[in-house]
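Student: Sequence first, then the predicted structure:
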Amino acid sequence: MQREIQYDEIFDAQEHYRLLLDSMARPGKINVLPRLELTTPQGIHATGALVGFALLNSDVSFYVDGPSAEDVSLYLLVNTSARPAEAEEADYVYLDGTAAAGILYQLKTGTLPYPENSATVIAAVGALGETAEATGEAAGETGLVLTLSGPGVDGERQLQVAGLNVALLEALVTINAEFPLGIDVVLTDPAGRIACIPRSSRIKI
Amino acid sequence: MEQNDYILCECALDTLEAFVTELEAHHTVQIIRQPAVCMTMVRAEDSVESQPFYLGEVLVTDCEVQVDGQAGYGLCMGDEPVRSYCMAVIDALLSSDDSRAGGSRASQVRAFLEVQAAIIADRQRLEYNLIQRTKVDFKLMEQD
Amino acid sequence: MYSAQQPHKNINTLFMGYIAVKGGSDAIHQAKELVEFYRVKEQTSPITIEQIRTQMRLACDKVISEGGLYAPEYAAIALKQSEGDVFEAAFILRAFITTLQRRYYSETINTREMFIRRKISASFREIPGGQVLGPTRDYTQRILDTTKIEETLEDIRQFIMRFEASIDAEKVQEITSYGKVIDLLKREGLLRGVGNAEDTTLKDITREAIKFPAPRSARLQMMARAETGGLMALGYSSMRGFGNTHPTVGELRYGTVPVRVKDSSGRVRYIGKIEVTEAEMITTMKTSKKNSVPLYSIGYGLCFGQNDTKVICMGILDRAMRSPEGNAPANDAEFVLYHTEGIEAMGFTNHLKLPHYVTFQAGLSNVRQAVERANAVPAKVKAEPVEG
């Protein structure tokens, strides 16, 4: 299991965290994580790993969904010291954009006095883009067009996502109707792009 | 094992550094994780009901190396990059097959540790005896 | 909290709940420079960090204890930076903690393993290992020592040489550790736990904010990093009758204890030793049942560094907060814990200095209108004159 010694726990983490913050503060805004040589196992690409390195540490827990869960969990554990946990308890949840919607309903959505005790989903999608052409080229299909509005969005913003199960999105909308309870989502694609959908955003598909 | 850690944490830094610098020349040392400061949360408990509680953080430096492919971990209190690096190197050397087989490198390290242990023990004994002089002799009082 | 570190040129900057303030960035920058000016304008030789760490040991102990980070060298830097302001220095260490990762948790430290520097009991004359006064100023006359003005490094060297040489080589002892006084009481069956059904879960108030009623682990943790003066005031209040806890020192110890940690390979490692002071305060337990045997219970105190006052008061307050009569401030956990949290208390009291212009203007406007209305009222129904 690869220990990523090239990763700088201070400067890389800080740079990636700032980009995540920017995307979370401006829902749908795409940021690109700088290319870093990582040797990730099957089931997680570099972008997803880098998001994990920026967010995970020994104080939080995570759950990996999908067939390569064991390898990916070990990789994250070895590189971040974060605790593997069950889906119901996990602070961070890795899943594939094509996963069935059911998984979302198992995750923590917080409580009214402590809404932040909820899960953050890191979903690997085929491609992210601002325009259909960009996404289409990357993923070989145009995928979904999400129109986001709400806090952090000036009017509306379009986000094109390829390789995302629409049922997952619908489940997300249902769950986040209970705002401030809810789930926040980080979308990642193999080209290093990230975009976020916090629970406060309204999504039109 | 603990005794070794104790000696390496308490011995004089310049002596330790000189010893490890000499050892480095004969081995391939790769730094897996640079010495870096982080914290350890100290756990305590009350002495009567054994109620556990957190006392506070202590600053520590940790370091991971590989010596000839053998992993070694150094962990010590304080902002001590040199000490934790030296501890990691020695940890690797003592964990290696060479060490288990009673090799000469291991014997060299153990000899060093023994010398340092005696110096530390002398220092402790001196401090202990200085402190013991403040022990109250109540019998003297009663003689008044 | 507003921090005057960077000049704020952006007029849209908003500070948590207060109004956006414009201007003043130059003044702020100059104030920071002026602080530095006042720190060094006498142009005396810069004090070294090592000098502070070694010769202002007890100030460093306070800073590490109240900052909640055992790092005496960094405490020394903070003290130098803050010109000796212990509150400010503890604040600096607390802020520094937020930049560090907590990678490890230690094994539970065992104060029965302590290398004793000081060990006394006010309750029992004969205790295991005897009464060892240790390095204490308790018995000094507090006479100002003007010889400190002329002290040279050579004086120090001479003193050390003489002091260490005065050990009688014939009487050198091997190091032993000693059992605790309270263990004796326990064995005799004289000790009893406080008795109330208590929440014994282990909380970490650095990871989740304290909620009341707080479990004992949270109370001990908060007191361990509480401000000494605050604890002292409340501990004293309890003794003076604003409360019912008037205990004796069962045992007070100061010394070093080993710290062990499980490293990344899963092995438990010795990583060094920390100085701690510990107190077990013995109090009698009031029982309402007639003819029942009065038993003793213990209030416990433990903190980083050498600090008798802090642990004695921790012990008093530990016991007081478990007491059924909740009227006195010392018995009220929320009162004790919130108000002795030094960084929080200093921050909040000092926040009053921040601009409250709009708030105050609004208030002033109301007061003026009220005065106008009062003056406009006909003579026979005139309100009481408003106090100047």
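Tutor: Received it, and whenever you're ready, just let me know what you need.

Student: all strands for chain A, in order.
Tutor: Under the criterion DSSP state E, chain A contains strands at A:31-32, A:61-64, A:83-84, A:92-96, A:120-124, A:127-129, A:144-149, A:157-162, A:184-188, A:193-197, A:202-204.

Student: Flag every residue of chain A that's near chain C.
Tutor: On the criterion Cβ under 8 Å from any Cβ of the partner chain, chain C has as its neighbours in chain A the residues A:9, A:57-59, A:81. Bear in mind the C-beta positions are built from the backbone N, C-alpha and C, glycine included.

Student: farthest-separated two in the residues you listed?
Tutor: Farthest-apart pair in those is A:E9 and A:D59; separation 14.6 Å (Cβ to Cβ).

Student: Which parts of chain C are strands?
Tutor: C:69-70, C:102-105, C:115-120, C:248-262, C:268-284, C:296-304.

Student: To chain B, which of those lies closest?
Tutor: Between chain B and the strands of chain C, the shortest separation by Cβ to the nearest Cβ is 3.1 Å, and it involves strand C:268-284.

Student: quick one: buried residues of that closest one?
Tutor: Applying a neighbour-count criterion of 16 or more other Cβ atoms under 10 Å in any protein chain shown, the buried positions in strand C:268-284 are C:269-283.

Student: which bits of chain B sit near chain A?
Tutor: Residues of chain B found near chain A (Cβ under 8 Å from any Cβ) are B:32-33, B:36.

Student: So what does C:E150 look like in phi/psi?
Tutor: C:E150 adopts backbone torsions of phi -100, psi 0, taken as degrees, to the nearest 10.

Student: if I pick it, what's in contact with it?
Tutor: When contacts are counted by Cβ atoms under 8 Å, 6 or more residues apart in numbering or on different chains, C:E150 is found next to no other residue.

Student: How about A:A87?
Tutor: For A:A87, the contact set (Cβ under 8 Å, 6+ apart) comprises A:63, A:65, A:93, A:103, A:106-107.

Student: May I see those residues organised as TSV, with pLDDT, neighbour count and distance to chain B added?
Tutor: Rendered in TSV, the data for those read as follows (pLDDT from 0 to 100; neighbours: other Cβ atoms under 10 Å in any protein chain shown; distance: Cβ to the nearest Cβ, whole Å):
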residue	pLDDT	neighbour count	distance to chain B
A:Y63	98	23	25
A:D65	96	21	30
A:V93	98	24	26
A:I103	95	18	33
A:Q106	97	15	31
A:L107	97	22	28
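
Student: Please report the distance of C:G134 from chain A.
Tutor: Summarising the geometry, the distance separating C:G134 from chain A, computed by Cβ to the nearest Cβ, to the nearest Å, is 38 Å.

Student: I'd say that residue and B:R133 touch.
Tutor: No. When contacts are counted by Cβ atoms under 8 Å, C:G134 is not listed as touching B:R133 (10.3 Å).

Student: which residues of the stretch 51-200 of chain C score low on pLDDT?
Tutor: Within the stretch 51-200 of chain C, the stretches with pLDDT under 70 are C:193-197.

Student: returning to what we had before: of the strands of chain C, which is nearest C:L364?
Tutor: So among those, strand C:69-70 is nearest, using Cβ to Cβ, at 43.6 Å.

Student: Packing partners of the closest one?
Tutor: Of the remaining helices and strands, those touching strand C:69-70 by 3 or more Cβ pairs under 8 Å, 6 or more residues apart in numbering or on different chains; DSSP states H and E are strand B:52-67, helix C:86-97.

Student: In CSV: the ones you listed, plus mean neighbour count.
Tutor: As requested, those are arranged in CSV below (neighbours: other Cβ atoms under 10 Å in any protein chain shown):
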stretch, mean neighbour count
strand B:52-67, 24
helix C:86-97, 20
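
Student: What's the local residue count around the residue of chain B found nearest chain C?
Tutor: Residue nearest to chain C within chain B (Cβ to the nearest Cβ): B:M77, separated by 3.1 Å. When neighbours are defined as other Cβ atoms under 10 Å in any protein chain shown, B:M77 has 22 of them.

Student: Look up how far C:F159 lies from it.
Tutor: Counting by Cβ to Cβ, to the nearest Å, the gap from B:M77 to C:F159 is 29 Å.

Student: got it, and A:G66?
Tutor: From A:G66 across to C:F159, the span is 70 Å (Cβ to Cβ).

Student: which of the two has more neighbours?
Tutor: The neighbour comparison of A:G66 against C:F159 (other Cβ under 10 Å) goes to A:G66, with 16 against 11.

Student: Return the residues in contact with the more buried one.
Tutor: For A:G66, the contacting residues are A:43, A:72, A:94-96, A:99, taking Cβ under 8 Å, 6+ apart as the criterion.

Student: repeat for C:E83
Tutor: With Cβ under 8 Å, 6+ apart as the criterion, the residues that contact C:E83 are C:R39.

Student: packing partners for the longest helix along chain B?
Tutor: In chain B, with assignment by DSSP state H, the single longest helix is helix B:104-132. If contacts are counted by 3+ Cβ pairs under 8 Å, 6+ apart, helix B:104-132 sits against helix B:2-10, helix B:13-24, helix B:81-95, helix B:97-100, strand C:115-120, helix C:153-165.

Student: any idea which of those is most buried?
Tutor: Most buried of the helices and strands packed on helix B:104-132 by mean neighbour count (mean count of other Cβ atoms under 10 Å in any protein chain shown) is helix B:81-95; its value is a mean of 24.

Student: Is that helix in proximity to chain C?
Tutor: No. Remark: helix B:81-95 sits outside contact range of chain C, by Cβ under 8 Å from any Cβ, the gap being at least 8.7 Å.

Student: what about C:E372, how many neighbours?
Tutor: Number of residues near C:E372 (other Cβ under 10 Å) recorded here: 9.

Student: Separate out the buried members of the residues of chain B next to chain A.
Tutor: Neighbour counting with 16+ other Cβ under 10 Å marks B:33, B:36 as buried within the residues of chain B next to chain A.

Student: before we move on, back to that, would you turn the helices and strands packed on helix B:104-132 into a markdown table with distance to C:E372?
Tutor: A markdown table is the format used below for the helices and strands packed on helix B:104-132 (distance: least, Cβ to Cβ, whole Å):
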| stretch | distance to C:E372 |
| --- | --- |
| helix B:2-10 | 74 |
| helix B:13-24 | 75 |
| helix B:81-95 | 70 |
| helix B:97-100 | 90 |
| strand C:115-120 | 67 |
| helix C:153-165 | 72 |
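
Student: among these, which is nearest C:P355?
Tutor: helix B:81-95 (44.0 Å).

Student: where's that closest one relative to the chain centroid, distance-wise?
Tutor: 10 Å (Cα atoms, centre = their mean, to the nearest Å).

Student: other SSEs contacting that helix?
Tutor: helix B:2-10, helix B:13-24, strand B:29-45, strand B:52-67, strand B:70-77, helix B:104-132.

Student: so B:G56 touches B:R43, yeah?
Tutor: No. Taking Cβ under 8 Å as the definition, B:G56 is not a contact partner of B:R43, at 10.2 Å.

Student: Take the strands of chain A and write them to TSV, including distance to C:H356.
Tutor: Written out in TSV, the entries for those read as follows (distance: least, Cβ to Cβ, whole Å):
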stretch	distance to C:H356
strand A:31-32	39
strand A:61-64	42
strand A:83-84	45
strand A:92-96	41
strand A:120-124	37
strand A:127-129	46
strand A:144-149	36
strand A:157-162	38
strand A:184-188	35
strand A:193-197	37
strand A:202-204	37
